[in-house]
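Peer 1: Quick one, what's the 3D model for this:
(chains A and B, ligands or ions: 1)
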Amino acid sequence: METAKTTFKEKANKALGISPEDALISKSYLIVSFTALLLGGLLGLLQGLNRAGLLELPSWFNYYQVLTAHGILLILVFTAFFTIGYFYAVLSHCLGGLLPKVRKMAWIGFGMKIFGFVLAVIPIIMNEATVMFTFYPPMAASPIFYFGLVFIVLGVWMLAFGAFLQVANWRKNNKGQHVPILAYFATGVFVLLFFGSIPVTIEVLMIIPWALGWVETINVMLARTLFWAFGHTLVNIWYLVAVSAWYVVVPKIIGGRRFSDTLTRVVIMLLVVMNIPGGFHHQIVDPGIAESVKYLHVFMSLAIGFPSLMTAYAMFSVFEKTARKKGGTGIFSWFKKLPWGDVRFLAPMIAMIAFIPGGAGGIVQSMNQLNQVVHNTMWVVGHFHITLGTSAVLTFFGICYWLVPYISGRVLTPKMNKLGVIQTIFWTVGMIFMSGSMHWVGLLGSPRRTSYTTYSDNATALSWDPYLMFLAIGGTLLMIGVIIQVYAVFNMMFFAPKGETEFPIAKAEDDAVKTPYWTERWGMIIVVMLLLVAMGYVIPIVEFIVNAPPGSPPFKTW
Amino acid sequence: MKMHLDEKIWLILSFGLIMGFMLITGYQTFVLGMGPPSHMETIDPQKVDETAPFDNPGITQIGENEYEVVMTLAVFSFNPSNIEIPAGATVHFTLTSKDVIHGIQVAGTNINAMVTPGHIQKITQKFDKPGEYLVLCNEYCGTGHQFMATTITVK
Ligand SMILES: [Cu+2]
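Peer 2: Below you'll find the predicted structure:
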């Protein structure tokens, strides 16, 4: 009975698209996501204008409050809600509809996350939690802020478990088969979300009794290290989401086939396995960590570059093959055969191109000596606006132009496609201005996370001002981009003409070699991941605990 | 898995590139002694003013054109401030924080280090070119963070 039901559901899904219940889950997540983008983008613009000296922020909502809210809204709400909305649609589409139990879990997780965000945002608005999204102790926010974070994490876990249940159920019913590739990506992302958020949960559980005054002092370096074990994982979660569309969706949109299925799965496994220890490179200029330990972590960070370089090869190979099939010739002129006017291709393509300087910048930051030049300068801000803000986010935007019509039972009109292309141009030009000037002014020494200042008209600081003006121009263009994008998402969700939209999943090559089954052994993959995490973290964490200095009491310095 | 020749070349190049970066970083760190600031000593962050050498922050000449600067960082200032040294001086900074996490950065040099409470941080720099160097805090430390700056004047 059970199997008959699923096969019927599978058939129904193929014929009619997503079920209304599953669509509602994804739509709700995307609505929250893009509302956060609008608010977070606006706060970003305020910051850019302030930093360029063009706008003074009121004392009741100062630069650092704006920056804290901007970070939380975009890094934790916009990206996380998008990721979940997208991958729950993936799970529903690829695995024959969500199980009723999983659907319920998705809603409970949604409620917990929203409740957590409301708890976290209230103290930010009241200026009781102006601690940035990194909330480094011994700066202590209102305990309510940390309670909010706990609920956010619990919500994420609920969604991760829902995804695992869904995949496990499919595997039980399809013994010996490979999990469909996008569901495989989803598994990797939720594994990272779950394991990556464990360190930050331990950190927050350390902070809460201290922020409440039950414990007098806190181990600052331990907290900081636990934060980055999570923080960098988040970065690669965004990347993995973007990569899923690059490997699977983009080839279909340009009318081609996927690159090797085995290689795709290996890249996913490598990104999952090597990720968590990579976070240590955020601490290259910290005291209390021996040079030899830092060197080990340089290696662990740089190793993440390897799957990225493999991805670069895979993508260009797919593009070339497809374009040549369509009659493209020459060393480079086949490029013209790609569908540049299709926003579903254009946006992720620019995102991929942006990953070339973005990835190179990441390698720079992973290495000791170069890191010391750019650490905590505007360069870093430029780096993650080109990686997260362009490579990941522009891919997310590109996904919207088929995902939103798909879950809404509507179609992408040529007019909306054109608007999407215009949006992509605004975003690209805005980012070139903003991220470019941030990189440059950072090399000259301008610090990050600092409101407008000339350091009492210091000549060096004054020489940075022209670059900061470009930052403001870029920020303004990006805000126009945000408005267009949010309009497009809501329009496609509620007003676009009704109709059917396909979920674009490219097929493997006809002569593809069969994927080996060991790629399906997630138990083994997780064991390897935990071993690498132990390799990276046991020594420094034991060091921080055994040779701990007397701890720090809480401070409120804002 | 079957692979094309260009794919193999690319994989080898990628691997070689990453190994190359590792070797360069390792050579600089362990052979040239250019490792990142990683001092291991600890201190009670609530007793900085009573603990040597931070009970007496300031600048001391310790050799021919060689100086030690013992400095405490606290919201929102560096102590000592407005340092003056002769050109060509090698300066050894010994730093700690009396409250939250700060960062010290000297624009136009490679001085860039985190200064966390409970730990002592050390960094050395030779100042060849005369001029006024801007010293600033590059880790958000509170509402007056943008005022946390001073100068090093090289004569
Ligand atoms: Cu400071």
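
Peer 1: Of all the helices and strands in chain A, which has the lowest average confidence?
Peer 2: When the helices and strands of chain A are scored by mean pLDDT, DSSP states H and E, helix A:2-16 comes last with a mean of 48.

Peer 1: next SSE after that helix?
Peer 2: Per DSSP states H and E, the first helix or strand lying C-terminal to helix A:2-16 is helix A:20-51.

Peer 1: and the following helix or strand past that next one, what does it pack onto?
Peer 2: Helices and strands here follow DSSP H and E; after helix A:20-51, the next one along the chain is helix A:63-71. If you count contacts as 3 or more CB pairs under 8 Å, 6 or more residues apart in numbering or on different chains; DSSP states H and E, helix A:63-71 packs onto helix A:20-51, helix A:100-125. Any C-beta I mention is one placed from the backbone N, CA and C, and that applies to glycine too.

Peer 1: If I follow the layout properly, A:Thr134 ends up in contact with A:Ala223?
Peer 2: No. A:Thr134 lies out of contact with A:Ala223 (CB atoms under 8 Å); the separation is 10.3 Å.

Peer 1: Counting neighbours, go ahead and name the busier of these two.
Peer 2: With neighbours defined as other CB atoms under 10 Å in any protein chain shown, A:Thr134 and A:Ala223 compare such that A:Ala223 has more, 23 against 18.

Peer 1: Now do the helices in chain B.
Peer 2: Using DSSP state H, the helices of chain B run over residues B:5-26.

Peer 1: Which of the helices and strands packed on helix A:63-71 sits closest to the ion?
Peer 2: Nearest of these to the ion, taken as CB to the ion: helix A:20-51 at 17.6 Å.

Peer 1: Tell me the buried residues in the closest one?
Peer 2: A:22-23, A:25-51 (16 or more other CB atoms under 10 Å in any protein chain shown).

Peer 1: ok, now stretch B:135-153?
Peer 2: Here stretch B:135-153 shows B:135-143, B:145-152 as buried, counting by 16+ other CB under 10 Å.

Peer 1: Please determine how far the residue lying closest to A:Leu154 once chain neighbours are set aside is located from A:Met105.
Peer 2: Spatial nearest neighbour of A:Leu154, excluding adjacent residues (CB to CB, 6 or more residues apart in numbering or on different chains): A:Met112 at 5.3 Å. Between A:Met112 and A:Met105 the computed distance is 10 Å (CB to CB, to the nearest Å).

Peer 1: Model confidence for residue 35, exactly?
Peer 2: As the question left the chain open, I've gone with chain A. A:Thr35 carries a pLDDT value of 95.

Peer 1: meant chain B, my bad for not saying
Peer 2: For B:Gly35, pLDDT reads 84.

Peer 1: Could you measure from it over to chain A?
Peer 2: 4 Å (CB to the nearest CB, to the nearest Å).

Peer 1: just to revisit the earlier point, shared neighbours of A:Met112 and A:Met105, anything?
Peer 2: Common neighbours of A:Met112 and A:Met105 (criterion: CB atoms under 8 Å, 6 or more residues apart in numbering or on different chains): A:Met158.

Peer 1: ok, and A:Glu203, which helix or strand is that part of?
Peer 2: Using DSSP H and E, A:Glu203 falls within helix A:181-211.

Peer 1: can you list the residues of the stretch 1-150 of chain A near chain B?
Peer 2: Within the stretch 1-150 of chain A, the positions near chain B by CB under 8 Å from any CB of the partner chain are A:Asn62, A:Tyr64, A:Leu67, A:Thr130, A:Met132, A:Tyr136, A:Pro138, A:Met139.

Peer 1: correct me, but the second one touches A:Thr557?
Peer 2: If I follow you right, that is A:Tyr64. No. Assessed by CB under 8 Å, A:Tyr64 is found out of contact with A:Thr557, at 10.1 Å.

Peer 1: And those two? Which one has more around it.
Peer 2: More crowded of A:Tyr64 and A:Thr557, by other CB under 10 Å: A:Tyr64, with 23 against 19.

Peer 1: Can you show me the strands along chain B?
Peer 2: B:58-63, B:66-74, B:77-79, B:83-85, B:89-97, B:102-106, B:112-115, B:121-127, B:131-137, B:149-154 (DSSP state E).

Peer 1: In JSON lines: those strands, plus distance to A:Met479.
Peer 2: Putting these into JSON lines (distance: least, CB to CB, whole Å) gives the following:
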{"stretch": "strand B:58-63", "distance to A:Met479": "47"}
{"stretch": "strand B:66-74", "distance to A:Met479": "36"}
{"stretch": "strand B:77-79", "distance to A:Met479": "36"}
{"stretch": "strand B:83-85", "distance to A:Met479": "42"}
{"stretch": "strand B:89-97", "distance to A:Met479": "37"}
{"stretch": "strand B:102-106", "distance to A:Met479": "29"}
{"stretch": "strand B:112-115", "distance to A:Met479": "32"}
{"stretch": "strand B:121-127", "distance to A:Met479": "39"}
{"stretch": "strand B:131-137", "distance to A:Met479": "29"}
{"stretch": "strand B:149-154", "distance to A:Met479": "30"}
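
Peer 1: These: which one's closest to A:Asn371?
Peer 2: strand B:112-115 (8.4 Å; CB to CB).

Peer 1: average pLDDT for that closest one?
Peer 2: Taken as a whole, strand B:112-115 has an average pLDDT of 94.

Peer 1: And for stretch A:298-308?
Peer 2: For stretch A:298-308, mean pLDDT is 84.

Peer 1: That one and chain B, any residue contact?
Peer 2: Yes. Using CB under 8 Å from any CB, stretch A:298-308 reaches chain B at A:Val298, A:Phe299, A:Leu302, A:Ala303, A:Gly305, A:Phe306.

Peer 1: Now render these as a markdown table, adding neighbour count.
Peer 2: Formatted as a markdown table, these follow (neighbours: other CB atoms under 10 Å in any protein chain shown):
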| residue | neighbour count |
| --- | --- |
| A:Val298 | 22 |
| A:Phe299 | 18 |
| A:Leu302 | 21 |
| A:Ala303 | 18 |
| A:Gly305 | 19 |
| A:Phe306 | 18 |
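
Peer 1: Could you list which of the residues you listed belong to helices?
Peer 2: Short answer: the residues of stretch A:298-308 next to chain B in helices (DSSP H) are A:Val298, A:Phe299, A:Leu302, A:Ala303, A:Gly305, A:Phe306.

Peer 1: Any idea how far stretch B:146-155 is from the middle of the chain?
Peer 2: Distance of stretch B:146-155 from its chain centroid, counting by CA atoms, centre = their mean, to the nearest Å, is 15 Å.

Peer 1: right, is that stretch up against the ion?
Peer 2: Yes. Counting by CB under 5 Å from the ion, the ion is contacted by stretch B:146-155 at B:Met148.

Peer 1: So which bits of chain B are right by the ion?
Peer 2: Checking chain B against the ion by CB under 5 Å from the ion, the hits are B:His102, B:Cys137, B:Cys141, B:Met148.

Peer 1: okay, those residues in CSV with pLDDT next?
Peer 2: Output for the residues of chain B next to the ion, formatted as CSV (pLDDT from 0 to 100):
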residue, pLDDT
B:His102, 95
B:Cys137, 95
B:Cys141, 94
B:Met148, 94
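
Peer 1: quick one, what contacts the most centrally placed residue in chain A?
Peer 2: Centrality entry for chain A: nearest residue to the mean C-alpha point is A:Trp238, 2.4 Å, by CA atoms, centre = their mean. Contact partners of A:Trp238, counting by CB under 8 Å, 6+ apart, are A:Thr79, A:Thr83, A:Leu388, A:Ala392.

Peer 1: Excluding chain neighbours, give the residue nearest to it in space.
Peer 2: In space, and not counting its chain neighbours, A:Trp238 is closest to A:Ala392: 4.0 Å by CB to CB, 6+ apart.

Peer 1: And that neighbour, how close does it get to B:Phe30?
Peer 2: For A:Ala392, the distance to B:Phe30 - CB to CB - is 35 Å.

Peer 1: what do you get for A:Ile202?
Peer 2: The gap separating A:Ile202 from B:Phe30 is 33 Å, by CB to CB.
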